[in-house]
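Trainee: got a predicted structure plus its sequence, pasted below:
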Amino acid sequence: MSKLFALVDCNSFYCSCETVFHPETRRRPVVVLSNNDGCAIAFNRRAKAVGFGQMCEPYFQIKDRIREHNVAVFSSNYALYDMSKRVMEILTGFSPRTEVYSIDEAFLELDGMEGRDLWAYAREIRTAILMQTGIPVGVGIAPTKVLAKLANKLTKKRADGVWVLRTPEDIDEVLRDFPLRDVWGIAGASVRKLNLLGIKTPLDFKRYSNERMIQKLLTKTGRAVQDELRGISCLAMEEVEDKVNIGNSRSFGVMVSTKRELREALATFTTNAAEKLRRQDGVCRSISAFFHTNFFRPDEQYHGFGTH
C-alpha cells in the first residue's frame, strides 16, 4: 500500500471561524444561524452536547434554550469563512497533490510514506493548521479516499483528532462495526438495497462476491465504493482545471436554504475568482455560475446554471 490518502476536515467550521475572532466563546456552546437569522445551521461540539444539532431548526423555537445554556449565537458570514483558503494553503505544504473537496475539507495524496509514523504525521498536519489559523481539524489517513473519509469520521473519538487505517486487519476491524449508512457514497436508498442482499455492515459489503449484482443495484459508483473499501484506489484526485478558466467551486459546510445565502456566497466566490484573474493579469470574457445539491442525497436533486 504505497499510495495513501488523507482527508482533512475542519471541526464545526462555521462555529470554529467565529470562535477564532471571538475567543471569549471558546468554552461556550456556539450556534450559527442562516443569514436572515431564521434558523440554526451549524453547531459546535458543546452546543451538540446540550441538545442542539437539528439542522434548520427555527431560531424562534430555540431562543429559550439558547438563553438557558448561555449559547453564543452568530449570523452566518461567508466573507469570514474564507478562512478556508488559508487552511488549504497550509495543506499544500504537506502534499503537492491536494483536492479541495468542500469549504471545510480536502484530500491529500501521500506518496513515499513507507517507514513514516503516520499517526505522528497526521498530528503534525493538525498542529500546523491549529497554530496558524486557530481552526481545529480531524485528519484521517487510509489507502483510498473512501477509507480516508471513514477514518476521518473516527477522529471524533480521539482527543488528538487523528485516525490511521493502513493494514487490512485494522481496516476490517473498523468496517465490522461502522454504520453502513455513514460510508461515503452509500445513501439511504443504497443501504436499503444492500440490506436486501443481507449486507448489514461495510465489512459485509467489502466481502460480497457478486460484483455484477452490486453494479446492477448501485451502478458503477457503488462498485467503485466497494473496491475502495477493499483498499483498491478507484477515485482519483480531481485534476486542476485548465488555466484558461478560473474557478472558485466549493461545497457548503451546511445546508443552504435561502436565496439570500446563495447570493452572498456567489458574491464572495466571484470576488475570489476576480482576485485570481488580477494576479494573472488576465481579462474576463464571460462568467458562469452553477449550483447543485449533494449527489449522494437520497431525496430530490436540484441544480442550476447560467452564463453572462
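Mentor: Structure's in. What do you need? Numbers count the residues shown, from 1 in each chain.
Trainee: the strands in the stretch 151-300 of the chain, which residues?
Mentor: For the stretch 151-300 of the chain, applying DSSP state E, counting those that start in this stretch gives strands covering 162-164, 288-292.
Trainee: need those in CSV with distance to residue 182 and mean pLDDT, can you?
Mentor: Any C-beta I mention is one placed from the backbone N, CA and C, and that applies to glycine too. CSV is the format used below for the strands of the stretch 151-300 of the chain (distance: least, Cβ to Cβ, whole Å; pLDDT from 0 to 100):
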stretch, distance to residue 182, mean pLDDT
strand 162-164, 14, 98
strand 288-292, 22, 73
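Trainee: okay, those strands in TSV with distance to residue 32 next?
Mentor: TSV is the format used below for these (distance: least, Cβ to Cβ, whole Å):
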stretch	distance to residue 32
strand 162-164	26
strand 288-292	20
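Trainee: what's the most buried one of those?
Mentor: strand 162-164 (a mean of 24; mean count of other Cβ atoms under 10 Å).
Trainee: in its sheet, what does it sit against?
Mentor: strand 137-142 (parallel) (DSSP bridges).
Trainee: could you give the average pLDDT over the partner strand?
Mentor: Strand 137-142 carries an average pLDDT of 98.
Trainee: may I have the phi/psi pair for the residue nearest in space to the middle of the chain?
Mentor: Centroid check for the chain by Cα atoms, centre = their mean gives residue 105 as the closest residue, at 4.3 Å. Main-chain dihedrals, residue 105, degrees, to the nearest 10: phi -150, psi 150.
Trainee: show me what contacts it?
Mentor: Applying Cβ atoms under 8 Å, 6 or more residues apart in numbering to residue 105 gives the contacts 7, 8, 9, 10, 152.
Trainee: do me a favour and get the end-to-end distance for stretch 112-123?
Mentor: Length of stretch 112-123, first residue to last, Cα to Cα, to the nearest Å: 18 Å.
Trainee: mind putting the contacts of residue 105 into JSON lines with neighbour count, pLDDT and secondary structure?
Mentor: JSON lines is the format used below for these (neighbours: other Cβ atoms under 10 Å; pLDDT from 0 to 100; DSSP: H, G, I helix; E, B strand; the rest coil):
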{"residue": "7", "neighbour count": "28", "pLDDT": "98", "secondary structure": "strand"}
{"residue": "8", "neighbour count": "29", "pLDDT": "98", "secondary structure": "strand"}
{"residue": "9", "neighbour count": "21", "pLDDT": "97", "secondary structure": "strand"}
{"residue": "10", "neighbour count": "25", "pLDDT": "97", "secondary structure": "strand"}
{"residue": "152", "neighbour count": "25", "pLDDT": "98", "secondary structure": "helix"}
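Trainee: return the member of those nearest to residue 234.
Mentor: Nearest to residue 234 among the contacts of residue 105 is residue 7, at 15.7 Å by Cβ to Cβ.
Trainee: now for that closest one: which residues touch it?
Mentor: Contacts of residue 7 by Cβ under 8 Å, 6+ apart are 101, 105, 106, 107, 108, 139, 140, 145, 148, 149, 151, 152.
Trainee: turn these into a markdown table, columns for distance to residue 226.
Mentor: Below are the contacts of residue 7 laid out as a markdown table (distance: Cβ to Cβ, whole Å):
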| residue | distance to residue 226 |
| --- | --- |
| 101 | 21 |
| 105 | 23 |
| 106 | 24 |
| 107 | 19 |
| 108 | 24 |
| 139 | 25 |
| 140 | 19 |
| 145 | 14 |
| 148 | 16 |
| 149 | 15 |
| 151 | 17 |
| 152 | 20 |
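Trainee: among those residues, which one sits closest to residue 160?
Mentor: Out of these, the member with the shortest distance to residue 160 (by Cβ to Cβ) is residue 139, at 9.3 Å.
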